[in-house]
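[1] whatever this is, show me its structure:
(chains A and B)
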Amino acid sequence: MTAVAKLGPRAARRAAKLEATASRLEALTLPESGEWLRRARETALARLREIGLPDRRDEYWKFTDPATLVRTDAPAAALFEITDEAMVFDAIDRLRVVFVDGVFDPDASDELEAEGLEIVRLADAGGRDIHWAQELFGALEAEGQDPVTRPLAALNTAVATDGVLIRATARVARPVSLIYRRRDPSAELALHHVVKVEPGAELTLLENGPGAARVSTVTEMCIGDGGVLHHVRAQGRDHERRAITHLFARLGEQSVLKSFTLSANGALTRNESVVWLNGKGGSAHVAGAAMGDGAFHHDDTVFITHAAPDCESRQVFKKVLRHGAVGVFQGKILVHQAAQLTDGYQISQALLLDETSQFLAKPELEIYADDVKCSHGSTSGEIDADQLFYLRARGLPEETAKGLLVLAFLAEALDEIAREDLAEEIREKLRGWVSRHR
Amino acid sequence: MLEIKNLHVKLEEEDKAILKGVDLTVEAGKVHAIMGPNGSGKSTLAYVLSGRDGYEVTEGSIMLEGHDLLDMEPEERAAIGLFLAFQYPVEIPGVGNMTFMRTAVNALRKARGEEEMSSAEFLKAVRAKAKELKIDAEMLKRPVNVGFSGGEKKRNEILQMAMLEPKMCVLDETDSGLDVDAMRLVADGVNALRDAGRGFLVITHYQRLLDHIRPDVVHIMADGRIVKTGGPELALEVEKNGYADILAETGAAA
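    Have a look, this model is predicted:
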């Protein structure tokens, strides 16, 4: 105690934080794995001990309490009954990779083979030489710790028991679909994926399903020159589930990333996206639509770095909140001096359906180049009275009219989904949510 | 058809009387025009008829075919056949015009106990109507009124009116912001919908719209009251001499 007292307040806080981290990690055992994976895990754990686990006093955790994500045991979450057919993307022809309570299920999955694709289970990968994955696994996450730390991503790298390593070497039309099913009300899930899109290749990655009582996923994406990655994700509807997800994406010249996430329900969701535009002419769009009713806390934390000239980025996040639901947006665009002709756009908006809900936004721009176009906006508002009256005057019952306006509010985020069949699947889920929450 | 009796209305927020005893009856199949200077209460009457918030009716009644409109929500008024063509049609980004119109048509059909229309049936019907009214069907693919020119917005109102087949149509300054060609198109649309059973209340500041939509009865409104009622010649008188003479003659303040 006396030793701590001699430190300045910042150092004392850091010491206390690291001590808490050490005690939380004490009982932790790393999963069995082969050589390179074990090394990557140990490095991640060392990184985490250095950074410390998050608490409410951290700058990027002010709006979201990480306690239930950090504690050793996840709070149980009631299972939400849903048939496979009712799950999103059911109508889409796709290569299914199914996890049940966080464990890969080969019987429910398709053969992990397709033209232009290489797919390896993480649990099988550790003992094999897979150079392209070894170079990326944990590496993008490590790079993403600066300038803002992502401690729960490092924890994921250390403890994730499974995941998939996907490499696209051609234009692959059929999406790869990661499906997270749930059976056990208290199961936890920690999955770590690596996606490599080789130059000129193209891949669509889908993710959906409730996952677990507590979900942690990290997806490291590397998109080569001229490569295209579409990512469409629908997070589970279970009301009590908690989720922390991280995307780390590195883009080459003229490459494209389009990522969209739908979140309906969930007690706590924090989706972090860290993107580097490292090659000339790259384009990164990260979008999300979130709808919450009651005990719902939803946080989008995005950091896009323009490190090369002539790149374009868009952040489009929309949240519909009611009955005390809370929405958070922390979005940053960092433009390096070399990144001339950057075109950056960021919008975060909340539609508050009553006075008990709240939206907290922290948009940030940091620009070192002089010839750039960057715009950002953040608003929260209620349903427009003139629009509502116009619709009602045409005969739409008030609830129908409000539903239509909620969907209209979310439309800009959905426009970020390139494939119309996927957008329609998501729209269908939104209509369902709106009609259930009248 | 529409019977307004001794209607007194004030603004909810300002405690300011706008309508001070309006009496007006529109018979089935007739076109009535209301003219009057700015601030006379014309648009307030349109909004009160359609059920917009923000107004308080302190006295009087409005009946549409025996229904007490003042007891009804805007959508219920629409369901029994009231239609308001807005002076400023509202832009709704993110809602497709087609989706909007189909939802409206089906909401009314449902309220009236009729079968809903399928997408295909609706598409066929709306295309036919658009053609009849010389409206570019391309307009249906865009979000409701977003980026529409003044003329397109008003034509969109007329198309909605044609699809919803109301019994009583209230046109609030439909001519505002239109050039002569656009106005003729809109007027042709209205004339195409005139038939024996349908009543019209055309609110306008200028006489020129009434060259194209010939009214049966013309009312002059001033200071929250109807101060003079006559035939189509009354509109011509306004055109020639302005409102001043009529107001002086009736002793109403402008």
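[2] spell out which parts of the stretch 101-250 of chain B neighbour chain A.
    For the stretch 101-250 of chain B, the residues in contact with chain A (Cβ under 8 Å from any Cβ of the partner chain) are B:Thr103, B:Ala104, B:Ala107, B:Leu108, B:Ala111, B:Pro143, B:Gln160, B:Leu164. The way it works is simple: take the backbone N, C-alpha and C, and place the C-beta from them, glycine included.
[3] quick one, phi psi at the first one?
    Here the main-chain torsion angles of B:Thr103 (degrees, to the nearest 10) amount to phi -60, psi -40.
[4] for the fifth one, same thing?
    With angles defined as degrees, to the nearest 10, B:Ala111 shows backbone torsions of phi -60, psi -30.
[5] okay, now it: neighbour count?
    15 (other Cβ atoms under 10 Å in any protein chain shown).
[6] before we move on, the earlier item: tell me the least confident of the residues of the stretch 101-250 of chain B next to chain A?
    When those are sorted by pLDDT, the bottom entry is B:Ala111 at 89.
[7] quick one, what contacts it?
    A:Gly395, B:Glu75, B:Glu76, B:Ala79 (Cβ atoms under 8 Å, 6 or more residues apart in numbering or on different chains).
[8] repeat the analysis, applying 10 Å as the threshold.
    By Cβ atoms under 10 Å, 6 or more residues apart in numbering or on different chains, the residues touching B:Ala111 are A:Gly395, A:Pro397, B:Glu75, B:Glu76, B:Ala78, B:Ala79, B:Ile80.
[9] could you do B:Glu3 as well?
    Applying Cβ under 10 Å, 6+ apart, the residues near B:Glu3 are B:Asp23, B:Leu24, B:Thr25, B:Val26, B:Glu27, B:Ser61, B:Ile62, B:Met63, B:Leu64, B:Glu65, B:Gly66, B:Leu69.
[10] report the buried members of these.
    For these, a burial check counting by 16 or more other Cβ atoms under 10 Å in any protein chain shown picks out B:Leu24, B:Val26, B:Ile62, B:Leu64, B:Leu69.
[11] mind listing the helices for chain A?
    Assigned by DSSP state H, the helices in chain A fall at A:2-6, A:9-25, A:35-51, A:67-70, A:122-125, A:131-136, A:139-143, A:151-159, A:385-393, A:398-414, A:420-436.
[12] related to what we said a few turns ago, secondary structure and distance to chain A added to the buried ones among the contacts of B:Glu3, as TSV?
    Converted to TSV, the buried ones among the contacts of B:Glu3 look like this (DSSP: H, G, I helix; E, B strand; the rest coil; distance: Cβ to the nearest Cβ, whole Å):
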residue	secondary structure	distance to chain A
B:Leu24	strand	20
B:Val26	strand	18
B:Ile62	strand	15
B:Leu64	strand	14
B:Leu69	helix	12
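[13] would you put the C-alpha positions of stretch A:108-116 in PDB?
    What follows is stretch A:108-116, C-alpha atoms only, in PDB (Å, rounded to 0.1, in the frame of the first residue of the first chain):
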ATOM      1  CA  ALA A 108     -24.100 -29.600 -39.300                       C
ATOM      2  CA  SER A 109     -21.500 -27.900 -41.500                       C
ATOM      3  CA  ASP A 110     -20.800 -28.300 -45.200                       C
ATOM      4  CA  GLU A 111     -17.500 -29.700 -46.500                       C
ATOM      5  CA  LEU A 112     -15.000 -27.000 -45.900                       C
ATOM      6  CA  GLU A 113     -14.000 -27.000 -49.500                       C
ATOM      7  CA  ALA A 114     -14.800 -24.900 -52.500                       C
ATOM      8  CA  GLU A 115     -13.100 -23.600 -55.700                       C
ATOM      9  CA  GLY A 116     -10.800 -20.700 -54.900                       C
END
